[in-house]
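1. Got a sequence here, can you build the structure:
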Amino acid sequence: MLIQSCHSSRKSTTANRELKASEIKSKVVIKNKVPARTINTKGIPAGIVVDFAETLQGVPYKYGSADKSKGFDCSGFIYYVFTHFKIPVPRTSADFTNAGKEVLLADSKRGDIILFTGSNANSGVVGHMGIITGNEKGRISFIHAASGNGVGVIISGMGTYFVERFVKVNRVFSVF
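-> This is a model prediction of the structure:
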């Protein structure tokens, strides 16, 4: 299975060893100034939102789209999931840079937003994102729309490709 970021043309396999959250530290220096923002999740539990997101596995990848019938890019997927619950969120991955409260990857919970750079690990710009689906003893999984070979919405772990691009985790939910 091949995985890429929203803006990636480089392929990477998930056969790489997945690292535990405690082994992963972001080396990315964010270069863009993005205003802090709060996301009002309206008391909706994170688990319900993630459960819905998981029903979208297999929807194809389509750059720039938030339309289920056409496919999703990474931020279009997040936008679709949250707006299904009438939770207003930014439309682009970069605009999520300072949305919510930053938490350590090791402390991440189901429903937290995980941010990565795009295909250029050294860009310092958020270009890919997903929703944490699990943190089982430091083994992180997240759901996202992957562009590699038109894969679409899948659940991935923190293999080398994502570790190199990891930026941070933002908590937007107060109810889990």
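2. where do the strands sit along the chain?
-> 2-3, 12-13, 66-67, 71-72, 101-103, 113-117, 126-136, 139-146, 152-157, 166-171 (DSSP state E).
3. Buried deepest among the ones you listed, which one?
-> Ranked by mean neighbour count, the strands of the chain are led by strand 113-117 with a mean of 26 (mean count of other CB atoms under 10 Å). Heads up, the C-betas are built off the backbone N, CA and C, glycines and all.
4. I'd guessed Val172 sits against Ile114; true?
-> No - between Val172 and Ile114 there is no contact under CB atoms under 8 Å: 11.5 Å.
5. Does anything pack onto the longest helix along the chain? Which helices or strands?
-> Criterion DSSP state H: the longest helix present in the chain is helix 74-84. Judged by 3 or more CB pairs under 8 Å, 6 or more residues apart in numbering; DSSP states H and E, helix 74-84 is in contact with helix 46-54, strand 66-67, strand 126-136, strand 139-146.
6. again, only this time at 6 Å
-> For helix 74-84, the packing partners by 3 or more CB pairs under 6 Å, 6 or more residues apart in numbering; DSSP states H and E come out as strand 66-67, strand 126-136, strand 139-146.
7. how about the ones you listed, which one is nearest Lys86?
-> Across the helices and strands packed on helix 74-84, Lys86 has its closest neighbour in strand 66-67 (14.6 Å, CB to CB).
8. so what's the residue positioned nearest the centre of the chain closest to, chain neighbours aside?
-> Residue closest to the mean C-alpha point of the chain, counted by CA atoms, centre = their mean, is Gly130 at 1.5 Å. By the measure of CB to CB, 6 or more residues apart in numbering, the closest residue to Gly130 outside its immediate chain neighbours is His144, 3.1 Å from it.
9. In the sheet, which residues pair with the one you found? Tell me.
-> Ile154 (DSSP bridges).
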